[in-house]
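**Q** Provided below are the primary sequence and the corresponding predicted coordinates.
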Amino acid sequence: MSTLSWAVVTAETDPARAVWTEAARAAAVAGPRFVDWRSVAAGEAGFHAGETVFCERLAGWAPTNPVGGQRARHREFAAALDQLSAAVDKGGAVLAAGVAPMLTTLDRLERDQFLRRGGIPVLERSTADNVGHSILRSRFASSDDWLIDGWHTTLFVHRARTGFEVWRSPAETVTGTEHLKQIVAGLEADTVYVTETLHRAHLADDYHDIRFGLVDGKVTHAAGVLRERIVGPRQWYGGRRRELDDFLRRFGASRWERLVALAERTAALFPDLRLLGVDLIVDNSEKEFVFDVDPFGADLPGRRGEAGTLGEGLPVHGAVLRALSASS
């Protein structure tokens with residue numbers, strides 16, 4: 001077993017702890033040393049010389065009601081990252097993800113401007129006045145996230161003692177313009193990021209985006225994802241992926257290679273992020289755009305790496321541990 005020295009900064013109850021522990025087992029490296037975000041905030045966290053340090057969100061990735069507050073949590077996360085960076089530098093350790101590029105990926109407005117300058121195709125901006133015919137999301141993705149795609153959403157207006165709040169339901173619904181406008185009004189303090197919509201590829205009897213996991217700029221994992229469809233239990237991406245088979249059958253290997261190249265071109269703009277997730281939104285002919293960039297890695301539980309890649313046979317997080325082990 002490798003004697004890789006590494007740590008993961010998480011909330012105490014973050015499910016990511018189990019993900020990293022399983023990744024270490026699969027990659028045959030020493031288990032992680034977990035550091036609580038609270039100790040970082042208190043100035044009590046210490047790191048070892050030569051240690052590689054990963055971090056997760058401040059409070060995990062569990063959607064909660066009511067929805068909102070993403071702007072404030074983004075600022076809180078930015079301050080926490082500055083504290084973490086100072087502690088890591090003091091101990092002579094190394095962050096696996098640079099602070100500046102991580103924050104760029106989590107601010108969708110700044111991120112898409114950055115990607116455009118780098119020649120990466122992203123959906124064009126729209127306005128909230130075009131609700132029902134656009135894709136609306138929180139500008140900030142540092143904590144739980146939300147999305148309205150056309151007339152489809154999992155959000156609804158809830159009457160609480162303190163007034164109307166936006167809540168999240170476990171199922172996607174189709175709603176009208178006035179209701180959508182009420183939802184947007186309840187979330188506008190966090191800055192609503194609006195883009196044009198796209199008629200997405202219909203694969204294996206449903207509408208999918210394509211999610212890639214990358215390590216050191218190279219694709220290791222891939223699967224189609226049903227965006228915003230399931231809020232409760234996490235989807236399972238293990239086994240054969242029918243939607244990828246369908247994509248190759250309908251569009252051919254050349255378009256698939258183009259998607260892989262786009263994901264890797266995107267990752268090349270973030271060389272300080274060793275572990276990255278890239279979501280592409282693709283249509284039924286020849287258009288594809290970068291839809292999201294995840295500095296915490298692709299969320300593909302159960303998925304094993306593609307044959308011939310660094311992640312072959314490993315979960316997403318195991319692939320980056322294999323890369324670290326090989327270079328240590």
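**A** Everything's here; your move.

**Q** Please report how far Asp149 lies from Thr175.
**A** 12 Å (Cβ to Cβ, to the nearest Å). Heads up, the C-betas are built off the backbone N, CA and C, glycines and all.

**Q** for Arg322, same thing?
**A** For Arg322, the distance to Thr175 - Cβ to Cβ - is 45 Å.

**Q** Those two - which one has more neighbours?
**A** Arg322 (25 against 18; other Cβ atoms under 10 Å).

**Q** Who are the contact partners of that one?
**A** Residues near Arg322 by Cβ atoms under 8 Å, 6 or more residues apart in numbering: Ala27, Val29, Leu310, Gly311, Leu314.

**Q** Would you double-check that it falls in a helix?
**A** Yes - residue state for Arg322 (DSSP: H, G, I helix; E, B strand; the rest coil) corresponds to a helix.

**Q** Against Asp292, how distant is it?
**A** Computed as Cβ to Cβ, the Arg322 to Asp292 distance reads 25 Å.

**Q** And the strands in the stretch 101-250 of the chain, which stretches?
**A** 134-138, 147-149, 152-160, 163-174, 192-196, 202-203, 206-207, 209-215, 218-225 (DSSP state E, counting those that start in this stretch).

**Q** quick one: the helices in the stretch 151-300 of the chain?
**A** Under the criterion DSSP state H, counting those that start in this stretch, the stretch 151-300 of the chain contains helices at 177-187, 242-268.

**Q** nearest to Val278, of the strands of the stretch 101-250 of the chain?
**A** strand 209-215 (4.8 Å; Cβ to Cβ).

**Q** so what strands line up beside that closest one?
**A** strand 218-225 (antiparallel), strand 275-282 (antiparallel) (DSSP bridges).

**Q** How far does the first one sit from its chain's centre?
**A** On the basis of Cα atoms, centre = their mean, to the nearest Å, strand 218-225 is displaced by 13 Å from the centre of the chain it belongs to.

**Q** Looking at that strand now, give me its mean pLDDT.
**A** Over the span of strand 218-225, the pLDDT mean works out to 96.

**Q** Can you point out the buried residues in that strand?
**A** Lys218, Val219, Thr220, His221, Ala222, Ala223, Gly224, Val225 (16 or more other Cβ atoms under 10 Å).

**Q** Just send those back as a markdown table, with distance to Pro66 too.
**A** Formatted as a markdown table, those follow (distance: Cβ to Cβ, whole Å):
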| residue | distance to Pro66 |
| --- | --- |
| Lys218 | 40 |
| Val219 | 37 |
| Thr220 | 37 |
| His221 | 33 |
| Ala222 | 34 |
| Ala223 | 31 |
| Gly224 | 30 |
| Val225 | 25 |
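
**Q** which among the residues you listed gets closest to Phe270?
**A** When the buried residues of strand 218-225 are compared against Phe270 (criterion: Cβ to Cβ), the nearest one is Lys218, at 13.0 Å.

**Q** and that closest one, bridged to which residues?
**A** Applying DSSP bridges to Lys218 gives these bridge partners: Val215.

**Q** pLDDT below threshold where in this protein?
**A** Applying pLDDT under 70 to the chain flags the ranges 1-2, 60-63, 228-235.

**Q** ok now do the residue most central in space within the chain, which residues does it touch?
**A** Centroid-nearest residue in the chain, with Cα atoms, centre = their mean: Asp294, separated by 3.2 Å. By Cβ under 8 Å, 6+ apart, the residues touching Asp294 are Thr105, Leu276, Gly277, Val278, Asp279.

**Q** Contact partners for the fourth one?
**A** Listed by Cβ under 8 Å, 6+ apart, the contact set of Val278 reads Arg211, Phe212, Leu214, Ala263, Thr266, Ala267, Val290, Asp292, Val293, Asp294, Ala298.

**Q** beta partners of it?
**A** In this entry, Val278 is beta-bridged to Phe212, Val293, by DSSP bridges.

**Q** how far away is it from Ala222?
**A** In terms of Cβ to Cβ, Val278 sits 10 Å off from Ala222.

**Q** list the residues that contact both of these two?
**A** Joint contacts of Val278 and Ala222 (Cβ under 8 Å, 6+ apart) are Arg211, Phe212.

**Q** What are the buried residues along stretch 90-103?
**A** Gly91, Ala93, Leu95, Ala96, Ala97, Gly98, Val99, Pro101, Met102, Leu103.

**Q** nope, stretch 124-139 is what I was after
**A** Of the residues in stretch 124-139, Ser126, Ala128, Val131, Gly132, Ser134, Ile135, Leu136, Arg137, Ser138, Arg139 count as buried by neighbour count, 16+ other Cβ under 10 Å.

**Q** Spatially, which two of those are the most separated?
**A** Gly132 and Arg139, at 19.6 Å, using Cβ to Cβ across those.

**Q** Tell me how far Ala93 lies from Arg38.
**A** Ala93 is 19 Å from Arg38, by Cβ to Cβ.

**Q** try Phe291
**A** Taken as Cβ to Cβ, the span from Phe291 to Arg38 is 33 Å.
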